[in-house]
Structures are given as C-alpha cells and as structure tokens.
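1. sequence plus the predicted model coming up.
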Amino acid sequence: FAPGGSVLISDEGGHVVLARDDAGGREFVFFVIDSIGPNLSADASPTGGVVSGDVTVTASATDVGQAGVASITYSATGAETIAETTVDGDQVSFDIATDGDTTVTIFATDVAGNVSEIQTIDISIDKTAPTASAEVIDPTPAPASGWYTSDVTVRVTGTDAGSGITGLTVDGTVTPVDPAAASASVDEVISAEGETTVSFSAVDDGGNTDGGSITVSIDKTAPTLTVTPDVTGTPFVAGPVTVDIVASDATSGLATITYSATGAQPIGSTEVTTGTASVPTPTDGVTEVSVFATDVAGNTTAVQTVTVSIDTSGPDVSAAIVSPTPPPASGWYNGDVTVRVSATDGLSGVAVITVDGSDTNVGPSGSESVDAVVTTEGLTTVTFSATNAVGTTSSSGSIDVQIDATAPTVDTLTVDTTDPANDTNGNGLFDLGESVSVTYACSDAVSGIAACELSLDGVVIDTTTAGGTVTVATAVIGDNVFSVEATDVAGNIG
C-alpha cells in the first residue's frame, strides 16, 4: 500500500507488517489478533449430591487463539463466601469447606482480554451428623418401676438442620425418608415380655449417621402364687395350722406378698417383700386367710383365700335326769330313771357321746344328746363324756342315780299277853284300860326306812324309823287290833 495508506487485517492469529522506503530501508511490525475467549474446564471433587467433607474445586483453561491464557478468576456465594479472586495462569485449585449450599463462579481470561464462558458449580456440604433419639410414646407416663404391663410403642426420631434426614433404621429395618426432611420419625411396637433392646440410627443426605439404643422392659404376666396347705372346704382340724405362702416372678421380679385374715383370728393387711411368708393360725374357730402377690411391674395375682377351721377343745357335756320329773325330795326314785347326756360343740360338732363306756355315734352337729335308762336298784353312778368331730374328748363327768323300787318289810309285830304286871285284877283277861306290851320292827335294805308306824284299831299310836316296844292301854271292849305299816325313803309302802 502506498505510503500514508492503511490496510485492514482481521484474520485471527499472528501477523507481520513490513514497510520499505525508496532508499531500501525496512521496518516491520508483529502483532496477533485474538478475539476468541479461552476454553474453561471446571469440576468439583467429590461430586454427587450432598457430600460430608471438604470439596476441592479445580479449573483449567486453554486459549484457542494465539494470545494464551492470562488468568482464571473465581468467587463463591452462599454458605461459604469467597471474594472474586484472580489467579495468573491457566490452572487453579481451591477448597470449599463450609456446611451448606455454596455456588462457585469461575471464568478464564486470555492475554487479549477475551473472557471464557462463566461456569457455576453448586456444592452441598454436610459434615454434621444428624441427631437420632428414641422415646416411649405409649403408654405414658412411664411407670416408676421402669416395667410396662402392656405393649410399648417406641418412637425413633431423626433431626438434621443441614441436608436433612433421608433414612431411619430400627432394629435393622430401614425406613426411607424422601424427600429429605429436617425431622422424621418412625414408630415401633414392642410386645415381647422381658427386656428388649431396640437399636436405631438416622442418616442424613450427606451420609452422616447417628444412632443408639433404648431398652424396653415389659412384664404382662402376674406372679405365680402357691398357698399351702389347701384346707379350704375340709373339716375342722385338731391343732394349729400354719399357712405357707410362696410367690415368684420370672420377669420383672416379685415386689410384695400381701395377706390378711378375718374370722377367729383377724390379721390386718400385711406386706412382705420376700418370696415366702408364713401365717400361723392357732386360734379355735374359722379363719379365712386371703393372699395375693404383686410383681415389680404392678401385675397382681387373683386373691387366693384359704379357710382354716381349728377345734382344739373338747365338747361341753352335762347330764340330767329327764324322767320321772320332778325329782323326789328324798333323792330316791322308786322306778326306772332316764338320764339324758347332752353335749355341745360350736366348732367341729359333737360326734360321739359315751355313757358308761358305751359309745353312741351322733351328728356331728353343734348339739347332741343321748338318753340312758337306769333300772338297777341302789346307787348307780353314770359316767359320761363326749368327743367332737376332730377326735378331741371332753373331761369325764358323772351323775348319781338312786333307785328303790322294792317295798320295805315289817319284820316284827308281837303283843305280850303274859306279863302279870299288866293284868291288874289277876283274872287272866285284859280289862278295859289295862296295858299290853307291843313290840314291832321295820326294815329296808335299799333306801332305808322313812317311817315305821304302829296303829291300834287303825289309829297310829307310835312312829319310829326302825320300830320298838311300847306299852299300850286297851281302848275298847273286845278285840283290840294292832297293825304296822312301813314306808321307805323312796316312798314304797310295805
């Protein structure tokens, strides 16, 4: 081109412009045209969703033109902030370390000032483990003993303020949470008796985990309870009875045995914390012993009631004459006598009445009697006793019975007519008013003589208990008749 002219050069690349003058002198100029921005490659490691550690960002650039890469510029906003930073050269590497979402912006500039396309990388970091917890939500409130008596619902909860919970695991069973949530929970029902350990964990979107375990104690079964001897419904026994109580619980353990008694031997409600108890019942009568057991979980057995019937005393026994009545004033009967032996026993009852060694089975009931007829004359001692249903015999008793059924005898009745002292005129006859000697006697071998009466012509003239001799003046002309009547103590007349 002519001196002073110009030329337009627009092709990319390096160019040399040579100028010559007429004198043969030369001058050249070298220059490069580069209007294309660099190519930029940027990535982050590790990649893929939320990561649980630092992320390294690397970038490299190449320049398709002739100028070459001058620098790479990057910045970050969000969880981690990095001011715009320019690094000379065609490569750069830096780390993002802050939990949360960070956006990295990168571009490259070549020597010609051309800028590459701007690239952005979204980075999510969560280095913090979630919080996993478990609690019993049903039943509530929790028992003071720590033992439940029914099925238990355990709620496992995971919380994460960063990337959110993506899964909960309970005893190896995974429950996904999608989408990830700041808080998630799952319920597990425990029904097995005994102590069950529930393992649980939570995982967040970054793969961080937290976990633990909770122990649930369940006892739905009441303790076992044995009460001996089992004498309920049996007859009375003749001696003290000790009620033995044994209780146990294989799961939560035994807490208490509670017993009480009513009836002949009352006992207030009594608790023992051992697995055994003994309740002596020495008192006569009927005693009801009630027992139940409670385990640590609060399960209670049904109340067991044992009825103990004790009779250590013999019956009360007595005897009385029931026929004939009323009794004679003299105490002597003149015929057969019926003796009634009566016995009472308000506990086991009268079972046997013994009269003069002969047993009569009766009842058993609370009141019984046996009649014995005494026929033997004289004094008869009737012995008696009674035995109750448990074999205890009363003390022996006796009653005296006196019978005289035989009339007394008149042993002697004589009139002495030979005494001359009584024949005052000596004519050999008893004149009116003259006296005679009369001898009489009575006897009774059983009850004895009560009265021996001498009568003249039907008029009693002398009474003794044995007889005697009396002088009697003749009272009438003619025959004077003497007679004797004997009466014994029993009232028999002979």
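-> Noted; the coordinates are in hand.
2. only C-alpha atoms for contact and neighbour calcs from this point on.
-> Noted.
3. quick one: which helix or strand includes P176?
-> Element membership of P176, judged by DSSP states H and E, is strand 173-181.
4. same question, T157
-> Per DSSP H and E: strand 152-159 holds T157.
5. give me the contacts around that strand.
-> With Cα atoms under 8 Å, 6 or more residues apart in numbering as the test, strand 152-159 has contacts from 130-139, 165, 168, 170, 181-191, 200-203, 216, 218.
6. given it, what are its sheet partners and their directions?
-> Strand 152-159 sits in its sheet next to strand 131-138 (antiparallel), strand 183-190 (antiparallel), going by DSSP bridges.
7. redo the ones you listed as TSV? Include mean neighbour count and distance to T464.
-> Output for the strands paired with strand 152-159, formatted as TSV (neighbours: other Cα atoms under 10 Å; distance: least, Cα to Cα, whole Å):
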stretch	mean neighbour count	distance to T464
strand 131-138	19	111
strand 183-190	16	112
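8. now do the buried residues in whatever helix or strand A261 lives in.
-> Assessed by DSSP H and E, A261 sits inside strand 254-263. With burial defined by 16 or more other Cα atoms under 10 Å, the residues of strand 254-263 counted as buried are 254-261.
9. T381 and P315: what is the separation?
-> From T381 across to P315, the span is 21 Å (Cα to Cα, to the nearest Å).
10. kindly report the same for I118.
-> Counting by Cα to Cα, the gap from I118 to P315 is 120 Å.
11. before we move on, what about I106?
-> 118 Å.
12. these two: which is more packed in?
-> Using other Cα atoms under 10 Å, the more surrounded residue of I106 and P315 is P315, with 30 against 25.
13. identify the residues contacting that one.
-> So P315 contacts 343-345, 349-350, 386-388, 392-394 (Cα under 8 Å, 6+ apart).
14. show me the beta-bridge partners of S367.
-> With DSSP bridges as the rule, S367 is bridged to T344.
15. and the pLDDT for it?
-> If you check S367, the pLDDT there is 96.
16. quick check: it touching S342?
-> Yes: counting by Cα atoms under 8 Å, S367 touches S342, with 7.4 Å between them.
17. picking that back up, can I get the strands paired with strand 152-159 in TSV with mean pLDDT and distance to A277?
-> Below are these laid out as TSV (pLDDT from 0 to 100; distance: least, Cα to Cα, whole Å):
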stretch	mean pLDDT	distance to A277
strand 131-138	98	36
strand 183-190	98	35
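18. in the stretch 251-400 of the chain, which spans are strands?
-> Along the stretch 251-400 of the chain, the segments classed as strands by DSSP state E, counting those that start in this stretch run 254-263, 267-272, 276-281, 285-295, 304-310, 316-323, 332-333, 337-344, 350-355, 358-365, 367-374, 378-388, 397-403.
19. nearest to D479, of the ones you listed?
-> Nearest of these to D479, taken as Cα to Cα: strand 332-333 at 39.0 Å.
20. strands along the stretch 1-150 of the chain, start to end?
-> Under DSSP E, counting those that start in this stretch, the stretch 1-150 of the chain gives strands at 13-20, 26-33, 39-45, 50-51, 55-62, 69-78, 82-88, 91-96, 100-110, 119-125, 131-138, 147-148.
21. would you reformat those as a markdown table and include distance to T294?
-> Formatted as a markdown table, the strands of the stretch 1-150 of the chain follow (distance: least, Cα to Cα, whole Å):
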| stretch | distance to T294 |
| --- | --- |
| strand 13-20 | 100 |
| strand 26-33 | 100 |
| strand 39-45 | 64 |
| strand 50-51 | 55 |
| strand 55-62 | 62 |
| strand 69-78 | 63 |
| strand 82-88 | 69 |
| strand 91-96 | 63 |
| strand 100-110 | 56 |
| strand 119-125 | 56 |
| strand 131-138 | 23 |
| strand 147-148 | 13 |
